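*Asks:* build me a model from this:
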Amino acid sequence: MPNQPASILLRNARIVLADRTIGAASLLIDNGRISAVSDSTEVAPGTESVIDLTGLTLFPGFIDVHIHGAVGVDTMDATAESLHQLAAFLASRGITGWVPTLVPGEVSQYEASTKAIAHLISEQRSALRPPAARALGVHYEGPFVNSQQCGALHREHFRTFSSAADLNALPTINDHQAVHMTTVAPEIDGGIQLIDELTKRGWIVSLGHTRAGVDTLELALAAGARHMTHFMNAMTPLHHRSPGPVGWGLIKDEVTCDLIADGIHLNPAILKLILRNKTSERVSLISDSIAAAGRGDGEYEIWGETITVKNGRTQNAQGSIAGSVITMLDAVRLMMSLGFSEQQVSQMSSTNPARLLRIDDDCGSIEAGKRADLVALDDKGEVRLAIVSGKVAFQDLS
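*Replies:* Below is the predicted model:
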């Protein structure tokens, strides 16, 4: 593969920082890191490449912590090669980091999937693949969840917890930088003990597919759970005499959540309501996309069943919504259309996901010293440039 320059100057861009947006500014990349952000357009001596971004807005690259697939690739049966193809597609949509997400299945499926993910992570770190969205680890959506809130997940693979040995059902990636995340319903048998054990092992525990009451949710919080998966979806709805996960999540400032901002899983008015309570500091956007994403309407064989996509809405044979067909770019566009500022959207699409994954010291915002994971959008919200670790992963500046 061709060598890329070690130093790149991006100039004449609007640049979205944490507290403001600056115009006609420049950003210097050196050896994969952001070296400087300034209002100067001067080219520093030794700069190997200059890219003019006049008319474009530069955001920190989007990070998707919950994604099952796209463009025909399903994380449950993908190879390292097909995962790379998916990662390249994601980069073209402004995603620079992602956590491949697995649905409940056989342990043998998990082993094959995590092996492929680990292979991709290793190849990306060694630059054996062209630049593409970085795989950051693995997210198990289940199998330790409530069968009464299964959504599109297959309940025959659901499990309960009795001892640490039960965690053998979740193979890990043997890489100290790989993120391990799982969605848990705390009310299952052994659920609180499970959360405690996962927390001790350094896992990120998210609450979801749950019918838990407030008392159980408080125990889960004390055990280490600090996040909620696709908030309001696959959990008991809010009731004025039984607040449940939704009411509890809305009032807990120490708990963050993620949202599927496709306008289907959550009505736009509900998105505004959640943000009114949680604020952009406590919300991450996710796609929850499936292998049909990027392929249009039709019928697709996914997870051993036929999933129909019509007008951008997924549905399985039971009539349940089965994930989405958006990308993080679509979620960003929707939130912008609802009136949220560039700073707020940047928080929800980059900074907060990085903080959730405990990698915010490395990426998730545009700051000197951080990894150069960047996306440039035009005034229509189209991706014109995506840079991953200082390397151009996608470019359409025509």
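*Asks:* so what's L27 up against?
*Replies:* Shown in contact with L27 (C-beta atoms under 8 Å, 6 or more residues apart in numbering): 9-11, 13, 15, 34, 36-37, 58, 366, 374. The C-beta positions use only the backbone N, C-alpha and C, and glycine is treated the same way.
*Asks:* with neighbour count and secondary structure added, can I get the residues you listed in JSON lines?
*Replies:* Compiled in JSON lines, the contacts of L27 are given as follows (neighbours: other C-beta atoms under 10 Å; DSSP: H, G, I helix; E, B strand; the rest coil):
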{"residue": "L9", "neighbour count": "23", "secondary structure": "strand"}
{"residue": "L10", "neighbour count": "25", "secondary structure": "strand"}
{"residue": "R11", "neighbour count": "19", "secondary structure": "strand"}
{"residue": "A13", "neighbour count": "24", "secondary structure": "strand"}
{"residue": "I15", "neighbour count": "26", "secondary structure": "strand"}
{"residue": "I34", "neighbour count": "23", "secondary structure": "strand"}
{"residue": "A36", "neighbour count": "14", "secondary structure": "strand"}
{"residue": "V37", "neighbour count": "19", "secondary structure": "strand"}
{"residue": "L58", "neighbour count": "25", "secondary structure": "strand"}
{"residue": "I366", "neighbour count": "24", "secondary structure": "coil"}
{"residue": "L374", "neighbour count": "30", "secondary structure": "strand"}
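*Asks:* from these, which is closest to T308?
*Replies:* Using C-beta to C-beta, L374 comes nearest to T308 of the contacts of L27, at 36.4 Å.
*Asks:* quick one: contacts for the closest one?
*Replies:* Residues in contact with L374 (C-beta under 8 Å, 6+ apart) are 10, 27, 58-61, 96, 366, 385-387.
*Asks:* make JSON lines out of those and add distance to R211, secondary structure and pLDDT.
*Replies:* Shown next, in JSON lines, are these (distance: C-beta to C-beta, whole Å; DSSP: H, G, I helix; E, B strand; the rest coil; pLDDT from 0 to 100):
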{"residue": "L10", "distance to R211": "48", "secondary structure": "strand", "pLDDT": "96"}
{"residue": "L27", "distance to R211": "47", "secondary structure": "strand", "pLDDT": "97"}
{"residue": "L58", "distance to R211": "43", "secondary structure": "strand", "pLDDT": "98"}
{"residue": "F59", "distance to R211": "37", "secondary structure": "strand", "pLDDT": "98"}
{"residue": "P60", "distance to R211": "36", "secondary structure": "strand", "pLDDT": "98"}
{"residue": "G61", "distance to R211": "36", "secondary structure": "coil", "pLDDT": "98"}
{"residue": "T96", "distance to R211": "36", "secondary structure": "strand", "pLDDT": "98"}
{"residue": "I366", "distance to R211": "41", "secondary structure": "coil", "pLDDT": "98"}
{"residue": "L385", "distance to R211": "45", "secondary structure": "strand", "pLDDT": "98"}
{"residue": "A386", "distance to R211": "40", "secondary structure": "strand", "pLDDT": "98"}
{"residue": "I387", "distance to R211": "43", "secondary structure": "strand", "pLDDT": "98"}
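*Asks:* returning to that earlier point: just the closest of the contacts of L27 to H119, please.
*Replies:* Looking across the contacts of L27 and measuring by C-beta to C-beta, the closest to H119 is L374, at 26.2 Å.
*Asks:* that older thread, which of the contacts of L27 sits closest to V65?
*Replies:* The shortest approach to V65 among those belongs to L374, at 18.9 Å (C-beta to C-beta).
*Asks:* next one: that closest one from A118, what distance?
*Replies:* Using C-beta to C-beta, to the nearest Å, L374 is found at 26 Å from A118.
*Asks:* same question, V16
*Replies:* On the measure of C-beta to C-beta, V16 and A118 end up 33 Å apart.
*Asks:* more crowded one of the two?
*Replies:* Ranked by neighbour count (other C-beta atoms under 10 Å), V16 and A118 place V16 first, with 23 against 20.
*Asks:* quick one: the more buried one and I366 touch, right?
*Replies:* Yes: proximity of V16 to I366 meets the contact threshold set by C-beta atoms under 8 Å, at 6.7 Å.
*Asks:* which residues are in contact with each of those two?
*Replies:* Joint contacts of V16 and I366 (C-beta under 8 Å, 6+ apart) are 58-60.
*Asks:* possible to save these as JSON lines with distance to D360?
*Replies:* As requested, those are exported to JSON lines (distance: C-beta to C-beta, whole Å):
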{"residue": "L58", "distance to D360": "19"}
{"residue": "F59", "distance to D360": "15"}
{"residue": "P60", "distance to D360": "10"}
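*Asks:* next, count neighbours for S108.
*Replies:* 9.
*Asks:* gap between the two ends of stretch 145-159?
*Replies:* Start-to-end span of stretch 145-159 (C-alpha to C-alpha, to the nearest Å) is 7 Å.
*Asks:* and R358, how many residues sit next to it?
*Replies:* For R358, the count of nearby residues is 11 (other C-beta under 10 Å).
*Asks:* how close does it get to L136?
*Replies:* To L136, R358 is 10 Å away according to C-beta to C-beta.
*Asks:* for V71, which non-adjacent residue is closest in space?
*Replies:* G294 (4.4 Å; C-beta to C-beta, 6 or more residues apart in numbering).
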